[in-house]
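J.: any chance you can model this:
(2 chains)
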2 protein chains.
Amino acid sequence: MDLNKSTSRYSGDGVMRYARTIVAGTVTVLAASASVAADDASLLKQAEESFRPLPKHESASEIPETKERITLGRLLFFDPRITVDGNMSCATCHQPALYGADGLSKSIGVQQRPHPRNAPTVLNSGVNIIVHWRGDRESLEDQAIKALGSPITNGQPDIGAALDRLKRIAGYAPLFEAAFPGDAASLNVGNVANAISAYERTLVTPAPFDAYLAGNVDAQSPSARGGLEDFINFGCTACLNGVGIGGNMYQKFGIVEDYWTATGSQTVDKGRADVTNNPADLYFFRVPSLRNVAMTAPYFHDGSIATLPEAVRVMAGVQLGLTTSEHEVDDIVSFLKSLTGELPSQFATVPILPPTAVIPAQH
Amino acid sequence: MDLNKSTSRYSGDGVMRYARTIVAGTVTVLAASASVAADDASLLKQAEESFRPLPKHESASEIPETKERITLGRLLFFDPRITVDGNMSCATCHQPALYGADGLSKSIGVQQRPHPRNAPTVLNSGVNIIVHWRGDRESLEDQAIKALGSPITNGQPDIGAALDRLKRIAGYAPLFEAAFPGDAASLNVGNVANAISAYERTLVTPAPFDAYLAGNVDAQSPSARGGLEDFINFGCTACLNGVGIGGNMYQKFGIVEDYWTATGSQTVDKGRADVTNNPADLYFFRVPSLRNVAMTAPYFHDGSIATLPEAVRVMAGVQLGLTTSEHEVDDIVSFLKSLTGELPSQFATVPILPPTAVIPAQH
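T.: Down below sits the predicted model:
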C-alpha cells in the first residue's frame, strides 16, 4: 500500500495520514489513480482487496445458535408485551417494512421518550464488529440486555418486570425450555438476549455486490461499477470496508471540517468520547455498515441528512475534503444501491405470538 | 322458530323476548333442547342455519378493488410516516403478530394519547356489517378517513398534512396513478381510504369451522362440536351468527345484569347511545365477530377480560343469565378456537415501503 500514490482529489496529506493511522493494517487499496481507467477485471480485483462477500450466517457468539433459539428469538423480537405499555417491540425501531430501521432521524421510545440517536438497521448486525453508534454495547447480547433495562426502550422499573411479562404469557415457557434445555430456570435475561441475538444473526442480506465480489461482473451495472471505482479511488474504503462495508471501526465524523456545519445538526454529539472519557475520541462514531443504506434513510448518527446523494456529498466533504461532481455522486449512489439485499423471509414475515393478554388493563 | 321450546337453562322469558326482538327474522335456531343429543348430521344442519362459511373475498364496496389498489393499500396500511411523529401505522394497533389486534385493553395512539376502546382485529373486517364498537363509522373507507383525521390515531392538524407526507415519499405517486388511473389528482384522501379498504377486504381467514360448515364434520374436534352445540342451545347464536359469527348487529352489553359488575370495568361506557343520543341505545355495542377470537385477547369493548374462558362465563352470565359448567366452558372455548384461520400471507408478510425520509428531523 502506497498512500503517496493517492489521487490528487484528496485534499491534503494530513487527511491521508489520519486515515492511515486509523486503519493501519486493514486497508490495502487506495493506490489506484482515478486517471487510470481500470478494466473490469482489475476493478474487481481491487474490490476483492477491500471487501468480503456476506456469509450466509456469521456468528460472533460463543453460544450455539440452534433452530429453537432462533425461533424463540424471532417471537421475542416482535413481541410488544415486554415493554412498559405493551405497545413497542424491537420491531418498532427495527421495522421489516423499513428494512430494519424506522425512517426517523432519531427513534421514539416508550411513552414518547426520545432516543438520543438514529436507529441502525438490525439487518446484518451480526456482521458488524461494533454494535451501535458509540460502541457502548459489547455485543448483540449486551445490546438486547441494555434495551431490556433501558427507561427509553423498555420503560419498566427493572429487567425483572420485563421477564415477568414473559412468564405470564402461556406458550413461552416451553419454548425457553426447548431452546435452553440445560437450564433449570431457562426464562432468564441472559437467555432472552441469547435468543434475540441468535435470531438477529440470521438476518443477513446478500446483495448484487456480493455476486459481483464472487466474480459475476455483470451483477453490477456500469454506473455501479463506476461508483465502486470512485468509492475506492476517493479513499472511502479506508473506513468503509470488509464484509459489512463498514461497521468494523470507529472514525471521527468531521475530519476535514465540523460535521454539524455540513449536516445542519442542531445539537453536537460528542460520540465515543462520552463513553470512554478520552478526548481523543471526540466526535468519533462507529463507521456504519453501508449494506442496505439505500433503504434506511435518514442518515448519520442523528439522522440529519434525508437523502443518499446528500449523504455522499457530506461524507466526501467532511471526511475527505472532496467536492464531488453530480456524475460521481450518481455513480456512487448506484454502487450503494447494489448493497441492497433481499429482506430475509424470517424478518419480512412476522411470527404469530402466543396470544395471552398480560398488560395491566386500563378499562 | 319456536322460542318457547328453548332449554330451561335460560334464566327467564324476559331474556328470550329480548333476543327475539333484537334479531327478528335473522335467527332460526334456538329450538334444540340440550337434553336431546344431536347427532353429527343434525348439529351440522343446525349450524348451517345460523352460520355461513367465509367467502374468499367479500366486498361491501361499490368501488372496484383492483390488484393495484390492494398493493397500494397494503403499503399505506404499514406506513408509519403518515402519522404525526412517523412512528405509528395502521399496523401498530392491528399487528400481524397479534392477529390484527394489539393485545392491549385499550390501544395507545400517537404521543401516548389513549384510545377510548379496544382495537378490534382488522381480519375479516370487510365481512362485518358494522364497523367498530359503536357503529360510528359508515364503512371501512369511513374508518380510514376518520383515522387519518383523528388526533389520537394520526395527530396531525388535518388530513392534508398526512397527504403531504405521502406526496413527499418518492414512489407513491406512480402507485396512486396506477391504482386510480382516471383521477387527475389521484393522491387524495378518498383514494387513500379506498386503497386501504381494498387491502383490508382481502384479509379473510377461513377456519376449520368453515370446512365443517362445508360438510367436513371431522374438521371440528368432538369437544368443538360439543361447544358448538352448547353455543347454539344456550342461545349465543341469537346475536353471534352469520358469516362473521357476529359483527352484524348491535346488542346491549348487560341484558341480565350490568356488564361492569361482571367485568370489573372501571369506567362505564354508554356505547352507541353516545352516538345516536337515543336512550334506547344505552350500553349497546356492536356484537363483535368471533372469528380469530382465541388469538385476540383481551376481550370486550374495554378489554376488561383477559382470557377466553372468563369471557365466555361473563357473556353467559350478563347476556343470558346462565351459569356455565367448567366442561361447557371448555367445549365452547374449543369451538371458538375452531374459528381461528390462517393469517393471510399479504398480512403476515409486510411490504417493503418506499424508503424516503420525510419526518421533520430532530437532530
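
J.: where does the stretch 251-363 of chain A have low pLDDT?
T.: A:361-363 (pLDDT under 70).

J.: please enumerate the strands of it.
T.: In the stretch 251-363 of chain A, the strands defined using DSSP state E, counting those that start in this stretch lie at A:284-286.

J.: got the residues of it near chain B?
T.: A:263-267, A:294-298, A:302-304, A:306-307, A:343, A:345, A:348-353, A:355-359, A:361-363 (Cβ under 8 Å from any Cβ of the partner chain). Placement of C-beta: from N, CA and C, glycine included.

J.: which among those end up buried?
T.: A:263, A:265, A:294-298, A:302-304, A:306, A:343, A:348-353, A:355-359, A:361-363 (16 or more other Cβ atoms under 10 Å in any protein chain shown).

J.: what's the helix or strand for A:L76?
T.: In the assignment (DSSP states H and E), A:L76 maps to helix A:67-78.

J.: buried ones in that helix?
T.: A:68-78.

J.: now swap in stretch A:123-134 and tell me
T.: In stretch A:123-134, counting by 16+ other Cβ under 10 Å, buried: A:123-128, A:130-134.

J.: just the closest of these to chain B, please.
T.: Nearest to chain B, judged by Cβ to the nearest Cβ, of these is A:L123 at 12.0 Å.

J.: doesn't A:L98 make contact with the closest one?
T.: No: in this structure, A:L123 is not within contact of A:L98 by Cβ atoms under 8 Å, at 10.7 Å.

J.: in which helix or strand does A:I145 reside?
T.: Per DSSP H and E: helix A:140-148 holds A:I145.

J.: export that helix to CSV, keeping only CA atoms.
T.: Taking Å, rounded to 0.1, in the frame of the first residue of the first chain, the C-alpha atoms of helix A:140-148 are listed here in CSV:
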residue,chain,number,x,y,z
LEU,A,140,-25.7,-8.1,20.3
GLU,A,141,-26.5,-9.9,23.6
ASP,A,142,-25.3,-6.8,25.6
GLN,A,143,-27.4,-4.6,23.3
ALA,A,144,-30.5,-6.7,24.0
ILE,A,145,-29.9,-6.7,27.7
LYS,A,146,-29.3,-2.9,27.8
ALA,A,147,-32.5,-2.4,25.8
LEU,A,148,-34.5,-4.6,28.2
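
J.: contacts for it, please.
T.: A:60-61, A:63, A:82, A:90, A:125-126, A:131-132, A:137, A:153-154, A:159, A:162, A:189-190, A:192-194, A:196-197, A:200-201 (Cβ atoms under 8 Å, 6 or more residues apart in numbering or on different chains).

J.: which parts of it are buried?
T.: For helix A:140-148, by 16+ other Cβ under 10 Å, it's A:140-141, A:143-148.

J.: ditto for stretch A:324-344
T.: A:324, A:328-341, A:343-344.

J.: give me the domain ranges for chain A.
T.: Chain A breaks down into these domains under automatic domain parsing: A:3-54+A:205-337, A:67-204.

J.: just those domains: most buried one?
T.: domain A:67-204 (a mean of 20; mean count of other Cβ atoms under 10 Å in any protein chain shown).

J.: quick one: terminal-to-terminal distance for it?
T.: 16 Å (Cα to Cα, to the nearest Å).

J.: how about stretch A:207-222?
T.: So stretch A:207-222: terminal residues 16 Å apart, Cα to Cα.
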